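**Q** What shape does this take:
(chains A and B)
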Amino acid sequence: MSSQPFSATNWSDPEDSFSATFYEKYTSQLWFPEEIPLSNDALVWKTLSDAERWTYIHASAGLNALDTLQGEVGMPALRGLVYGHIRKATLQFQGMMEDIHARSYSMMNKTFLTTTEEREVFEWVRTQPHLQFKIAFIQGIFHDPDVSTLGLWKKMVVSCMLETSLFYSGFFYPLYLAGQGRMVSAGEIFNLIILDEALHGVYVALLAQEQFNLMSAAEQAYARAWYAETLQTLYKNELAYTEVLYADLGLAGDVKRFIRFNFNVLADNLDLERTFPDEEINPVVQNGIQGRGTTHDFFSAKGSSYSKMTTEAITDADIDALWSGHFPDLSRPDLQPTVRVSHD
Amino acid sequence: MERWIELNNKVLAGTLVQPQHDLEALQAYFQEKVNPNTVFFHNLREKVRYLTEQGVWDAGLFERYTPDEVQSVFERAYSYKFRFQSFMGAYKFYNEYATMTPDRTRWLERYEDRLSITALSRSETVEEALELVHHLVNQTFTPATPTLMNSGKANTGRLVSCFLLQDCTDNLDSITKTLSFVAELSKGGGGIGVEVSNLRARGESLRGIQNVTKGVMGVAKMLDNMLRYADQAGQRPGAGAIYLSVMHADFLDTLGAKKIATDEDARLKTLSVGATIPDIFIEKVRAGEDIYQFFPHSLWQETGREFTDIDWTAEYDALADNPRIRKKRVSARRILEEIAVTQGESGYPYLLFEGHANRANPIPNVGTIKMSNLCSEILQPTTPSYFHAYGQESKDRIGLDVSCNLASLVIEQTMGSRDLGRVVGAAVRMLDNVAQSTHITEVPAVRRANEEMRSIGLGAMGLHSFLAGKELIYGSPEALEFVDVFFAAVHYHARKASMEIARDTGFVFGGFQGSRYQSGEHFAQYLDRDFAPKMPEVAALFDGHALPTRADWEQLVADIKQHGLAHSFVMAVAPTGSISYVSHASASIMPITEKVETRTSNKARTIYPMPHLSAETEWYYEEAYDMDQRRVLDTVAAAQRHVDQGISCTLFIPASATTRTLQAYYLYAYRLGIKTLYYTRLRKSSLQECLSCVV
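**A** Alright, predicted model coming up:
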């Protein structure tokens, strides 16, 4: 018997001002890869050069491994340590989203590759030294037995590093191609993933800022130094990984600028000093990461700007208003909408 | 990375919008891409000889004109010194419309060439061609994409690409026939609407064996696959919509197929869904009552009538009370809510208010309106075809389907011409030519309808960009009055041109006898009062245009009685995608969605600042999602009074809107007499908005 009584989740009494909002946002933008007609890209895939295909598929496979790491190790670690039912629920949902992302990458492999090619790509992931270093390094921090405020902050920080910076060496190429109208359906999947990851990075960063503010000045100084050193370690590894993926396409320079840009976004989210000076990044890629819905032709693309609908019944008063030549006042506060999460 | 794409993307890449980069992109595109990659000819004669020999241009076209006549049309086209005003316009035109070498590395046509060829091929005489090329180059109106793209080519695709098929009746011969028609039309990149309400529902009987049929979804899945399989040689996939009545027992199943999280086997990937809604359904919604949905086969067995032959509003009570007809009972409001959920999540279904469409049907003597098309602006009576097995084709009966011959006035340039009647007349004559030049032999009911009914659809685009340029607010009383007066005048001139063609050629569409055109009922409102501007701001916009008066209408109605009309329908307002970019106009009569649009297609991600976007006009470019949608619906209702077919009407809602908001808009639209609603588009709250409400 546990000495502490177990409480239920009370969504009317949230433990902070933002977790419930993130939870709602996550549920409202839930998506599944089956919704995107990936096979539309099958013919385009055949027109890519060998080098382009290689980069595309290996960048995605690397992302698959990182999303698997987040879903399987990172989110459960954070969820176990944070306080509060709503926060735990939100992180758990986030973990499920990571698994959906990993599955999307796998579906791309299944759509575009032969079984032999697929096997080779997964073997590449298992043996690529920079990718394995990145995973092992972050996994080490997730598994670190230090669960003090500082320890938890570190775990949150590396999780944010994945969401906000380390994924982006992989995102660059799909964004770059989709911006030129190539691999547009797969590009939509990447857009949906980026919309998710952007939120994840911000949410965990908000949690991390809380932890940071709980620390003493000395601890904070140590934390900053640790951050700078960790970032440099991972940054150097990322540069090498970028060379492997992008040197043959002549894009390594663009990607490295993009990585520095995203490390700066990370610093902003965590409320820490930016590491790198501002640089202009490739505008096509930049427009690709702006988290807005785009205008598109409904007949050929699905679009990233849709989300789940909240139901609210129309009332007799609404009907009466409409049939007497008026329009109902839809902003009545007495009818709180409920989020629809299942179909009946 | 191509430099113009990079420059174009810079418009949005900074913290401030920088439209000047768009002009840099435009310049770079011409200097570095188009100009160096255009095949050079010393003179027109050489160009014509080469391109006809190469099988690019139709040699027969040049036999209809003397070389001097051809020369005069090209000279006129080039004399206007046309310049594109946005990168997007030029990029679209040169990527999608101008003919290239087969390896797609070099251009064989420039803008003026394409339009000269279009004018020559869509005219009978050089005088007509000279008139038409004037309008085309100056973009007072723009033909629909297939007409602009394929006119005058030797190996030509079709001039029209939008079709409505009603032949999908409830037997296997008819279903497979429909699938083969869809494949034929889809391989030309067509957009196809198919009415499927006659199909028996899931779980009905087949040859007396109970509970075995697979219902509408079985056919819908096949259509969905067929449209993706038979694409236009990989250029663009076909697209289709099925129209299904809310009174059909499979309606909720089919609606579920557009939901975002649903089983793969029950999902329609690209096929659109339209819901046909009779008045009785809205009455039940209003009363908060249940409604019966019917099983078509059981209905047929009991009454001997097809589902679409039923007037649901008039006959509902009798059918509902008949215990021998299988049906199920559902809350009408719940169905409307399901429609709203699905629309909010996926954009679909389109809504067709059958009662409004049929009350305004000018030719009820031909048939009832049962369906619309992929963009929900085509509303014409269709009649079913009956097909029989191989060897018994002689028993086939060919009904009436629809092919859509469309063009759109560019409101800014039409108004700038100071001669609306001249513009509309030229547009109607061009569309008449498109209809006469189209023979869809593969689908006999489409061919028959086109030959007998010769329907055309003239619409308009660039309303919001025109209003913003004139510093008028979209949906304001002034704007609504403008729309009312403008469309009334377009209607007058379009109908007049149709009457003149009938008078001058002797061709009168089948079904004119006994129509509401002949009786004059269709024009009652114009004999009742003048549609002249009352507000001085609006009157000023029409300076120089001769607007039709009540006396003009009286004369026209008399002329129509005497000479008939050449076209069963003359107007329809299409959503306009590509052609509005080329014509530097906002889409259709909808509000803009973004001051600077990011558009993703299979070609590239391109950035498009709205026409004339500047510090001064910005204020008038309110984005659709920020508007009360009543302003959109009021605008559409004002135009709808003058449009014999329909108007593609999109609703734009923020992510915070609930199904109640959407349902209120549906019912508001219904109350205004709007015939169809197209997509609902929902804008996600951005990360910034999300954070600002959090922290």
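**Q** what does the stretch 351-500 of chain B have sitting close to chain A?
**A** Contact residues, the stretch 351-500 of chain B versus chain A (CB under 8 Å from any CB of the partner chain): residue B:374. Yep, even glycine has a C-beta here, placed from its N, CA and C like the rest.
**Q** and with 10 Å instead?
**A** Listed as neighbours of chain A in the stretch 351-500 of chain B under the rule CB under 10 Å from any CB of the partner chain: B:374, B:375.
**Q** do the same with the stretch 51-200 of chain B
**A** Residues of the stretch 51-200 of chain B lying near chain A (CB under 10 Å from any CB): B:95, B:191.
**Q** What residues are bridge-paired with the residue in the stretch 51-200 of chain B that chain A sits nearest to?
**A** Taking CB to the nearest CB as the measure, the stretch 51-200 of chain B has residue B:191 as its residue closest to chain A, at 7.2 Å. Residue B:191 has these beta-bridge partners by DSSP bridges: residue B:162, residue B:239.
**Q** isn't it right up against residue B:239?
**A** Yes: under the criterion of CB atoms under 10 Å, residue B:191 makes contact with residue B:239 at 4.7 Å.
**Q** Name the residues contacting each of those two.
**A** A:299, B:161, B:162, B:227, B:272, B:374, B:375 (CB atoms under 10 Å, 6 or more residues apart in numbering or on different chains).
**Q** Tell me the one of those nearest residue B:175?
**A** residue B:227 (15.1 Å; CB to CB).
**Q** The closest one reaches residue B:184, doesn't it?
**A** No: using CB under 10 Å, residue B:227 is not in contact with residue B:184; the gap is 11.8 Å.
**Q** Overlap in contacts, those two.
**A** Common neighbours of residue B:227 and residue B:184 (CB under 10 Å, 6+ apart) are B:190, B:192.
**Q** ok, residue B:158 - contacts?
**A** B:146-147, B:149-150, B:185, B:188-190, B:403, B:434, B:437-440.
**Q** quick one: it from residue B:316, how far?
**A** 40 Å (CB to CB, to the nearest Å).
**Q** what's the answer for residue A:97, then?
**A** In terms of CB to CB, residue A:97 sits 46 Å off from residue B:316.
**Q** Which of the two has more residues huddled nearby?
**A** Comparing residue A:97 with residue B:316 by other CB atoms under 10 Å in any protein chain shown, the one with more neighbours is residue A:97, at 24 against 21.
**Q** For the more buried one, pull up the helix or strand it's in.
**A** Residue A:97 belongs to helix A:85-112 when assigned by DSSP states H and E.
**Q** other SSEs contacting that helix?
**A** Applying 3 or more CB pairs under 10 Å, 6 or more residues apart in numbering or on different chains; DSSP states H and E, one finds that helix A:85-112 contacts helix A:19-28, helix A:42-47, helix A:50-69, helix A:75-81, helix A:115-127, helix A:184-214.
**Q** How about the residues of the stretch 1-150 of chain A by chain B?
**A** Going by CB under 10 Å from any CB, the residues of the stretch 1-150 of chain A near chain B are A:16-22, A:24-25, A:28-32, A:34-37, A:39-41, A:43-44.
**Q** and with 6 Å instead?
**A** A:18, A:21, A:25, A:32, A:34, A:35, A:37 (CB under 6 Å from any CB of the partner chain).
**Q** Farthest pair within the residues you listed?
**A** Maximum distance among the residues of the stretch 1-150 of chain A next to chain B (CB to CB): 35.2 Å, for A:18 and A:37.
**Q** give the contact list for residue A:200.
**A** Residue A:200 sits next to A:94, A:163 when contact means CB atoms under 6 Å, 6 or more residues apart in numbering or on different chains.
**Q** Let me see the confidence value for it.
**A** Looking at residue A:200, its pLDDT is 92.
**Q** Please apply the same query to residue B:107.
**A** pLDDT at residue B:107 comes out at 97.
**Q** ok, it - contacts?
**A** Residue B:107 neighbours (CB under 6 Å, 6+ apart): B:38, B:98, B:100.
**Q** Quick check: closest non-adjacent residue to it.
**A** With CB to CB, 6 or more residues apart in numbering or on different chains as the criterion, residue B:107 has its nearest non-adjacent residue at 4.6 Å, and that residue is residue B:38.
**Q** same deal with residue B:164?
**A** Nearest one to residue B:164, counting by CB to CB, 6+ apart, is residue B:402 at 3.9 Å.
**Q** next structured bit after the biggest helix by length in chain B?
**A** Using DSSP state H to define each element, chain B has its longest helix at helix B:477-505. Helices and strands here follow DSSP H and E; after helix B:477-505, the next one along the chain is helix B:516-519.
**Q** Send me stretch B:152-160 as CSV with only the CA atoms.
**A** Listed in CSV are the C-alpha atoms of stretch B:152-160, where the atom choice follows Å, rounded to 0.1, in the frame of the first residue of the first chain:
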residue,chain,number,x,y,z
GLY,B,152,-4.6,26.2,-81.4
LYS,B,153,-2.3,23.2,-80.6
ALA,B,154,-2.0,20.4,-83.1
ASN,B,155,-1.8,17.6,-80.6
THR,B,156,-4.4,19.3,-78.5
GLY,B,157,-5.8,18.4,-75.1
ARG,B,158,-9.3,19.4,-74.5
LEU,B,159,-10.5,22.9,-74.2
VAL,B,160,-12.6,22.1,-71.2
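**Q** Give the buried residues for that stretch.
**A** Residues of stretch B:152-160 classed as buried: B:152, B:153, B:157, B:158, B:159, B:160 (neighbour count, 16 or more other CB atoms under 10 Å in any protein chain shown).
**Q** ok, now stretch B:433-440?
**A** Here stretch B:433-440 shows B:433, B:434, B:435, B:436, B:437, B:438, B:440 as buried, counting by 16+ other CB under 10 Å.
**Q** Give the helix, strand or coil label for residue B:682.
**A** Secondary structure for residue B:682, judged by DSSP: H, G, I helix; E, B strand; the rest coil, is strand.
**Q** cool, and residue B:608?
**A** strand.
**Q** try the one 5 residues further on
**A** Following three-state DSSP, we place residue B:613 in the coil state.
**Q** Determine the number of other residues adjacent to it.
**A** Residue B:613 is flanked by 20 other residues according to other CB under 10 Å.
**Q** Now it. Its backbone dihedrals?
**A** phi -70, psi 120 (degrees, to the nearest 10).
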